[in-house]
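>>> dropping the sequence and predicted coords here.
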Amino acid sequence: MRPLAGQVVLITGASRGIGAAVARELASEGAKLALVGLEPDELKKVAEDCGPEAGWWEADVTDTDSLRTAVEGVVERYGRIDVVMANAGIAAPGFSRSMDPKAWERVVDVDLYGVWRTVHLTLPYLLESKGYLLLVSSLAAIVHIPGLASYNVSKAGVEALGDTLRPELRHLGVRVGVAHMTFVDTDMVRGADEHPVFGRMRTGLPLASKTYPLEFAVDKFVDGIKKRSRTVHVPGWIGALKVVRWAIPHLIELGSRFSVPKADAAALADIQARGAEASSRATGAGGLADSEKAAHK
């Protein structure tokens, strides 16, 4: 276990949610936080909570130039990067056949390609420091809930990226971890639960119905960063679930036989009432910020 004091930790998606909460806890243990995100007002608040050594940079992980500028700014200020937590992510509920295709593709661009861009731009500095890279995947990489196809695809890709990078980088001194967490009390999850169709679907599924406290997830993440763990499971039973992941699609199909046809009809009605863009919008305040950013591109 390495002490956090003095380590420079870059976190994407640090404006709110798990990114902001982990940043505050790491700062309390002496780390220097480099916060990257879309919402400058929120980033400034988190940086203030993290103390005078913390800095923040507004950047969009779907924009390579924007993200490069932020990473270079971090290195210019601190001279190094020791830990990267590639955390930026959004979720847009909807069935693939009817949801707004731009929303579907935006999720993949943020959640998968955004992680890749973060890795690509920070890796030279992690090689110098022999640092730690934590990629934030999800239970969705293992349990593919209907109505979240773009999120499931992205998080499965993040898991595969981490599992591939781990042996590629080990001999160079860089350790790679992949975090899987189920539903945690963040504004993204609360926003998803407010969706008139897909909120009810989530809360009706056995493996997805419970929402865990944010503090519980923060403790797991911080412990994983200290230990430079290969996996972070929130909660621990996700690790055991991986052993029988071959059976999970069959169980999802069986359990969805009656719920999906009803939800599909309800989703079409919602789209007719509100429009595909509104019905498929990324959830929570962070999702709204991303939607506004995407609209101005």
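Yep, that arrived. Numbers count the residues shown, from 1 in each chain.
>>> next up, the contacts around residue 213.
184-185 (CB atoms under 8 Å, 6 or more residues apart in numbering). Yep, even glycine has a C-beta here, placed from its N, CA and C like the rest.
>>> what separation do you get for it and residue 41?
Residue 213 sits 25 Å away from residue 41, going by CB to CB, to the nearest Å.
>>> residue 6 against residue 32, yeah?
Yes - Residue 6 lies in contact with residue 32 (CB atoms under 8 Å); the separation is 6.9 Å.
>>> so which of the two has more stuff around it?
Shown here are residue 6 and residue 32; by other CB atoms under 10 Å, residue 32 has more neighbours (25 against 12).
>>> once you drop chain neighbours, what's closest to the more buried one?
Using CB to CB, 6 or more residues apart in numbering and skipping residues adjacent in sequence, the residue nearest residue 32 is residue 53, 4.4 Å away.
>>> ok, and what's touching the lengthiest helix in the chain?
The longest helix of the chain (DSSP state H) is helix 149-170. With contacts defined as CB under 8 Å, 6+ apart, helix 149-170 is touched by 86, 89, 91-92, 95-96, 103-105, 107-108, 110-112, 115-116, 119, 123, 127, 133, 135-138, 140-141, 144-145, 175-178, 180, 230.
>>> who are the packing partners of the helix or strand that that helix is followed by?
Of the helices and strands lying after helix 149-170 in sequence (DSSP states H and E), the nearest is strand 175-181. Contacts defined by 3 or more CB pairs under 8 Å, 6 or more residues apart in numbering; DSSP states H and E place strand 175-181 against strand 132-136, helix 149-170, helix 214-227, strand 231-234.
>>> can you list the strands that strand 175-181 pairs with?
If you go by DSSP bridges, strand 175-181 pairs up with strand 132-136 (parallel), strand 231-234 (parallel).
>>> can you list the ones you listed in TSV and add distance to residue 255, mean neighbour count and mean pLDDT?
Listed next are these as TSV, based on distance: least, CB to CB, whole Å; neighbours: other CB atoms under 10 Å; pLDDT from 0 to 100:
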stretch	distance to residue 255	mean neighbour count	mean pLDDT
strand 132-136	26	25	98
strand 231-234	23	22	97
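>>> follow-up on the earlier one: what's the ChimeraX line that selects buried ones from the contacts of helix 149-170?
The ChimeraX selection below is limited to those of those classed as buried (16 or more other CB atoms under 10 Å):
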select :86,89,91,92,95,103,104,107,108,110,111,112,115,119,123,133,135,136,137,138,140,141,144,145,175,176,177,178,180
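>>> looking at the contacts of helix 149-170, which are in helices?
Of the contacts of helix 149-170, the ones assigned to helices by DSSP H are 103-105, 107-108, 115-116, 119, 123, 127.
>>> residue contacts, residue 70?
Counted by CB under 8 Å, 6+ apart, residue 70 has contacts 36, 57-59.
>>> which one of those residues sits in the busiest neighbourhood?
residue 36 (31 neighbours).
>>> what's the neighbour count on the closest residue to residue 64 other than its chain neighbours?
Leaving out its chain neighbours, the residue that sits closest to residue 64 by CB to CB, 6+ apart is residue 117, at 5.6 Å. By other CB under 10 Å, the residues close to residue 117 number 25.
>>> now do residue 258
9.
>>> thinking again about what came up before, make TSV out of the contacts of residue 70 and add pLDDT and secondary structure.
Listed next are the contacts of residue 70 as TSV, based on pLDDT from 0 to 100; DSSP: H, G, I helix; E, B strand; the rest coil:
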residue	pLDDT	secondary structure
36	98	strand
57	98	strand
58	98	strand
59	97	coil
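>>> off-centre distance for the longest helix of the chain?
How far helix 149-170 lies from its chain's middle: 12 Å, per CA atoms, centre = their mean, to the nearest Å.
>>> compute the inter-axis angle for it and strand 175-181.
For helix 149-170 against strand 175-181, the angle by axes from the mean of the first three to the mean of the last three CA atoms, to 10 degrees is 160 degrees.
>>> mind listing what's buried in helix 149-170?
Within helix 149-170, the residues that count as buried by 16+ other CB under 10 Å are 149-159, 161-162, 165-166, 169.
>>> just read off the phi/psi values of the residue nearest to residue 32.
phi -80, psi -10 (degrees, to the nearest 10).
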